[in-house]
Structures are given as C-alpha cells and as structure tokens.
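Undergrad: No sequence on hand, only this structure:
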C-alpha cells in the first residue's frame, strides 16, 4: 500500500510539473496579460500613459496663443522603484499620443538624456564636406527649440503581512514651460496597487 501510494504521489507531482502551454499571442488591448506583484506590466503602462495624455490634452495647456503647435521635449523620468524599468515605454506612449492628437509636436533633437535622434546635429556636420551638395545640407539656426519639457518619476512602496505582499506604484508627470521655468501641468494621481498571497504549500 505504501509503495502504491508513493508511486501515485510521484505520478501526480510529475503530471503537475509536466503541464504547460505553447507560446501564444494575446490581444495587447485585452486583459489577458500576466500580472506580477513586484513589476509594472504592459497594462499598467497603458493605463498610466492614457491617463497622462487625456489629462494633458484636456487641459489645453499645449495650445499656443499664436495658433502654432507647441513643441514638447521629453526630459527625464526617474525610476525610484526597486525594479529595473524601461521608462521609455511610458514616454514613447505619451509622445506618440500627443503627435496623433495633432495638438502639438515632439522633438527628438533634444531630451533629458541627450538627443533621441542624433541625426539632426549630424547632418549639420556635413557643411563644407565636399561629398555633399551644400545646397541640400541643413543649415545651422533652423532647428526648432522646444516650448515645454515633460518630466516625471515612478515610485514604489512595498509592504508584507504574513503570506501576503503588496506593491504600490505611483506615476507622476510634470510639464514645464521652458520660457518661465514654471510647472504648468501635473498629471492626476496615477496609482497601481498589486497584491498576492503565497499558498500554504508549494511554490
């Protein structure tokens, strides 16, 4: 009986461990993505970016009196969490939404971490280069400087009680008028709280 029970137990464990599923694509706009307690997942990025953009565009802060489109640069988004986070996921979602709105444009020639696209400066280094037709080389003094700077911070607070742990993420973005240095818009409260409980047995 003991041998039979032991063999049954081993078979049960092996059957559980052997179960799995093939990789499959899921709808990025749906809710089937994995949710982890300590990490920011793709749905969190979508929610944060959507809240930021909707609030910014509805505020009409980017509307200029002369009717021209405002130019926005991305400064720095500080990661103050305990996780490695690619903050570009958030900033790129925000800037692409701003561009699609048609209410403003963004610059890649300057950012808090340097030029996102270095070609704006590189093409101007072609002046006096005999290889290039100088009439086609972009001249100095023609690049457009930004009107606003978008910066932010992501913070995290972790707590645990017994077998339950919880992570609280807070996204905060600020738009600064580069003419005056004054903050002219701040994002609404963007909070993500995740909680999980370890089972009594197993992993």
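TA: Okay, I see it. Everything quoted here is computed from the prediction, not taken from an experiment.

Undergrad: Please report phi then psi for the spatially most central residue of the chain.
TA: Taking Cα atoms, centre = their mean, the centroid of the chain lies closest to residue 90, which sits 1.6 Å from it. Main-chain dihedrals, residue 90, degrees, to the nearest 10: phi -70, psi -50.

Undergrad: if I look at the residue nearest to residue 134 when sequence neighbours are not counted, how far off is residue 137?
TA: Spatial nearest neighbour of residue 134, chain neighbours left out: residue 127 (6.9 Å); criterion: Cβ to Cβ, 6 or more residues apart in numbering. All C-beta spots, glycine's among them, are computed from the backbone N, C-alpha and C. Per Cβ to Cβ, to the nearest Å, residue 127 is found 5 Å from residue 137.

Undergrad: how about the closest residue to residue 166 other than its chain neighbours, secondary structure?
TA: Excluding its sequence neighbours, the residue lying closest to residue 166 (Cβ to Cβ, 6+ apart) is residue 195, at 4.5 Å. Following DSSP: H, G, I helix; E, B strand; the rest coil, residue 195 is assigned to strand.

Undergrad: ok, now which ones touch residue 195?
TA: 37, 164-167 (Cβ atoms under 8 Å, 6 or more residues apart in numbering).

Undergrad: Would you reformat those residues as JSON lines and include distance to residue 49 and pLDDT?
TA: Converted to JSON lines, those look like this (distance: Cβ to Cβ, whole Å; pLDDT from 0 to 100):
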{"residue": "37", "distance to residue 49": "21", "pLDDT": "75"}
{"residue": "164", "distance to residue 49": "29", "pLDDT": "90"}
{"residue": "165", "distance to residue 49": "26", "pLDDT": "88"}
{"residue": "166", "distance to residue 49": "23", "pLDDT": "91"}
{"residue": "167", "distance to residue 49": "19", "pLDDT": "88"}
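
Undergrad: Since that was my last question, I'll sign off now.
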